[in-house]
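J.: Fold the following and give me the result.
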Amino acid sequence: MTKHSPRVTEEYFSLYEKYITDRHSDGDMYPASRDQFQSFLVDGRAEASFYEFRNSGRLLAVAVADELNDGLSAIYTFFDTAQQSRALGVFCVLWLIEEARAQNLEFLYLGYWIKQCQKMNYKMEYKPIELYVNNSWLGIDG
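T.: Next comes the predicted model:
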C-alpha cells in the first residue's frame, strides 16, 4: 500500500472510469469524467488520502478516506473489476479497519447507508455496526 494526497492521474482515472462503467452504468456517476473525478474525490479534500494497492506494480485498487480525529471515513473505493476473485472492495474495507487500529483510531465510518439501495447493502456485513439515527448512535445486533 502507498498513501498519496488526492490527485488526478491518468492511471487513477483509467481505473475509476472502468470501475464506474462496470459497476455503476445504471447510475448518475455514469459516464465517468475527469471533472467529476476531480470534484468528487480531489477538490477540497485536505483531510483525505488515496491509499493505492498494487500487485507487481499494477494498480488494483484505490481507497479514498478522510482522516478524522477519532477514525477514518471511507469516502469511496474503486478497483479492477476483472479481479473479482480477489474481493478487492472487501479487502479495502478490512485494510481500512486495520489502518484505523494502527493509527489508534476508534472507528471506521462507512458513510451513508440507504436501506433500499442494494449497492449499499455490503455495509451491513461489517460487525459490530452502529447507525446514526435521529442524532443518536444505535448499535445493531446480528
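
J.: Return the distance of stretch 118-131 from the chain's centre.
T.: 13 Å (CA atoms, centre = their mean, to the nearest Å).

J.: oh sorry, the question was meant for stretch 40-53
T.: That offset, for stretch 40-53, works out to 10 Å (CA atoms, centre = their mean).

J.: buried ones in it?
T.: Buried residues in stretch 40-53, counted by 16 or more other CB atoms under 10 Å: 40, 41, 42, 45, 48, 49, 50, 51, 52, 53. No exception for glycine: its C-beta is placed from N, CA and C like everyone else's.

J.: With adjacent residues omitted, what lies nearest to the second one?
T.: Leaving aside its chain neighbours, residue 41 sits nearest to residue 64 (5.4 Å; criterion: CB to CB, 6 or more residues apart in numbering).

J.: check contacts around the one you found.
T.: Counting by CB atoms under 8 Å, 6 or more residues apart in numbering, residue 64 touches 6, 41, 45, 48, 49, 50, 51, 74, 75, 76, 77.

J.: for the buried residues of stretch 40-53, which one is nearest residue 106?
T.: Nearest to residue 106 among these: residue 49, at 18.2 Å, using CB to CB.

J.: Can you name the element that comes right after the one helix or strand that closest one maps to?
T.: If you go by DSSP states H and E, residue 49 is part of strand 48-55. Per DSSP H and E, the first helix or strand lying C-terminal to strand 48-55 is strand 58-67.

J.: Give me the distance from that next one to the chain's centre.
T.: 7 Å.

J.: Residue ranges in this structure under the pLDDT threshold?
T.: Counting by pLDDT under 70, the low-confidence segments of the chain come to 142.

J.: what's the burial count for residue 2?
T.: By the measure other CB atoms under 10 Å, the count of residues near residue 2 is 9.

J.: what's across from it in the sheet?
T.: With beta bridges defined as DSSP bridges, residue 2 has these partners: residue 52.
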